[in-house]
Structures are given as C-alpha cells and as structure tokens.
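Chemist: The following block contains a protein sequence and its predicted model.
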Amino acid sequence: MPGRLLGYTKTLVPITDPVRAAIHGTMHDANIVRTQDAHSEVSGVVVEPTDRELARADLYESDDGCVRVRVSTATGRRVWVYVSKS
C-alpha cells in the first residue's frame, strides 16, 4: 500500500562493509532523514513484516548506522521506518 511521510527527505548513507558494498554494487544505501521543512515529503510503500522479518531488518540496517523509529504517515497511520542516526 502506498504511503507518504511529511517532514522527511531522501538521503544516502555510506555502506561501511566492503563486502556488502560489493554485493550491492554501490558505496551508499538510500535512506531518509527528518527535515525542518514540513513541506518535504517522501513517498514509499507500507508493508507489514512479521516480527522475525523486523528483527532481521534491524540487524541489517544497524550495520550502517540506521535505527528503526515509529512515525506517522500523511494519513495518520503509525509505521516503522529506518532512518540514519546522523
């Protein structure tokens, strides 16, 4: 299902593991960060992962300094997203 986050913008996060970077063929992962601009918007897809899938995603995303946070979509739905710690 489509979803939009207001007050966020797209960014790139460096991949610190050279093996992971080689697998992905890039030195950066796409990510999002909170902005001070309420008109900023990121569109995406809302999925409903299992607890096991979330735990695996937590491990994967934390490798490069991302953290899972709970936010509200433009329609008020509460969702998890991974954002850069920096």
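Modeler: Yes, it's here. Being a predicted model, the structure only gives us computed values, none of them experimental.
Chemist: any weak-confidence spans in the chain?
Modeler: Applying pLDDT under 70 to the chain flags the ranges 86.
Chemist: ok, residue 43 - contacts?
Modeler: Counting by Cβ atoms under 8 Å, 6 or more residues apart in numbering, residue 43 makes contact with 2-4. In short, each C-beta sits where N, CA and C put it, glycine included.
Chemist: Show me what the longest helix along the chain is packed up against.
Modeler: Secondary structure of the chain per DSSP state H: the longest helix is helix 51-62. Counting contacts by 3 or more Cβ pairs under 8 Å, 6 or more residues apart in numbering; DSSP states H and E, helix 51-62 packs against strand 66-72, strand 78-84.
Chemist: From the rest of the structure, what touches the last one?
Modeler: Yep, that's strand 78-84 we're talking about. Contacts of strand 78-84 (Cβ under 8 Å, 6+ apart): 3, 5, 8, 11, 13, 31-34, 46, 54, 57, 61, 65-73.
Chemist: rerun that using 7 Å as the cut-off
Modeler: The contact list for strand 78-84, computed with Cβ atoms under 7 Å, 6 or more residues apart in numbering, reads 3, 5, 11, 13, 31-34, 46, 61, 65-73.
Chemist: pull the CA atoms of the longest helix of the chain into PDB?
Modeler: Presented in PDB, the C-alpha positions along helix 51-62 are these (Å, rounded to 0.1, in the frame of the first residue of the first chain):
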ATOM      1  CA  ASP A  51       8.400 -10.000  13.900                       C
ATOM      2  CA  ARG A  52      11.100 -12.200  12.600                       C
ATOM      3  CA  GLU A  53      11.400 -10.100   9.400                       C
ATOM      4  CA  LEU A  54      11.600  -7.000  11.500                       C
ATOM      5  CA  ALA A  55      14.400  -8.500  13.700                       C
ATOM      6  CA  ARG A  56      16.400  -9.400  10.600                       C
ATOM      7  CA  ALA A  57      15.900  -5.900   9.100                       C
ATOM      8  CA  ASP A  58      17.100  -4.400  12.400                       C
ATOM      9  CA  LEU A  59      20.300  -6.300  12.200                       C
ATOM     10  CA  TYR A  60      20.800  -5.500   8.500                       C
ATOM     11  CA  GLU A  61      20.000  -1.800   8.900                       C
ATOM     12  CA  SER A  62      22.100  -1.300  12.100                       C
END
